[in-house]
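*Asks:* Fold the following, please.
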Amino acid sequence: MTTATTDERTLAELQREHGPALLHFLLGLTFGDRQRAEDLSQETLLRAWQHPEAFDAPYDSMRPWLFTVARRLAIDARRSRLARPAEVSDVVLESAPAREDTADSAVRALDVREAVRTLSPEHRAVLVQIYFRGLSVGETARILGIPAGTVKSRSYYALRLLSRNLPGYSSRSSSSSSASRDTASATST
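*Replies:* Sure thing, here's the model as predicted:
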């Protein structure tokens, strides 16, 4: 089965006579996008080639038929583009801020809570006031009713204990033995 198509000579004449006007018309419909307008122009001429019966129509010129087909193709192409999500280039993705991984911070928070629970109530109270509530040494001393030197001492030893109780968080290792650490901890309270 063969499909009838427009002969090459008729199509070449159609392109010569109406091609520039068709391209100009499509440039207006595509907001000046020359590549898109040229693609739609070629698609319009392809439709003319596929439909030789259009040449037998009762009108004098093929221009109204061509412009109607071109307009419909432009509308279909625009609808098709709008139906898809916008494409994102690699440049946009590289410049987008990375979302913070909250899993790591949640794990760290759980580790810190567990380590703080291992502290004595006196050490814990000092750390809560200084580091979690942001109070100064003097303010902490007034609230807890202890001398400022005791606040400093307790915070120092509490932080040392935390560094041992938080695996992987300590950047330095302690050179003293565990017995001397326990002695220092007991004398600081």
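*Asks:* Quick check: which ranges of the protein have low pLDDT?
*Replies:* In the predicted model of the chain, residues 1-3, 88, 92-93, 169-189 satisfy pLDDT under 70.
*Asks:* Could you list the residues in contact with whichever strand or helix holds residue 81?
*Replies:* Residue 81 is part of helix 63-83, with elements assigned from DSSP states H and E. The set of residues external to helix 63-83 that reach it, using CB atoms under 8 Å, 6 or more residues apart in numbering, is 14, 18, 21-22, 25-26, 29-30, 36, 40-41, 43-44, 47-48, 54, 57, 59. All C-beta spots, glycine's among them, are computed from the backbone N, C-alpha and C.
*Asks:* Tabulate the CA atom coordinates of it in PDB.
*Replies:* This file holds the C-alpha atoms of helix 63-83, laid out as PDB (Å, rounded to 0.1, in the frame of the first residue of the first chain):
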ATOM      1  CA  ARG A  63      -0.800  30.300   2.800                       C
ATOM      2  CA  PRO A  64      -4.000  30.200   5.000                       C
ATOM      3  CA  TRP A  65      -3.700  26.400   5.200                       C
ATOM      4  CA  LEU A  66       0.000  26.500   6.000                       C
ATOM      5  CA  PHE A  67      -0.400  29.200   8.700                       C
ATOM      6  CA  THR A  68      -3.300  27.300  10.300                       C
ATOM      7  CA  VAL A  69      -1.200  24.100  10.500                       C
ATOM      8  CA  ALA A  70       1.800  26.100  11.700                       C
ATOM      9  CA  ARG A  71      -0.200  27.800  14.400                       C
ATOM     10  CA  ARG A  72      -1.700  24.500  15.600                       C
ATOM     11  CA  LEU A  73       1.800  22.900  15.700                       C
ATOM     12  CA  ALA A  74       3.100  25.800  17.700                       C
ATOM     13  CA  ILE A  75       0.300  25.500  20.200                       C
ATOM     14  CA  ASP A  76       0.800  21.800  20.500                       C
ATOM     15  CA  ALA A  77       4.500  22.200  21.000                       C
ATOM     16  CA  ARG A  78       4.000  24.900  23.700                       C
ATOM     17  CA  ARG A  79       1.400  22.700  25.600                       C
ATOM     18  CA  SER A  80       3.800  19.800  25.400                       C
ATOM     19  CA  ARG A  81       6.700  21.800  26.900                       C
ATOM     20  CA  LEU A  82       4.400  23.200  29.700                       C
ATOM     21  CA  ALA A  83       3.200  19.700  30.600                       C
END
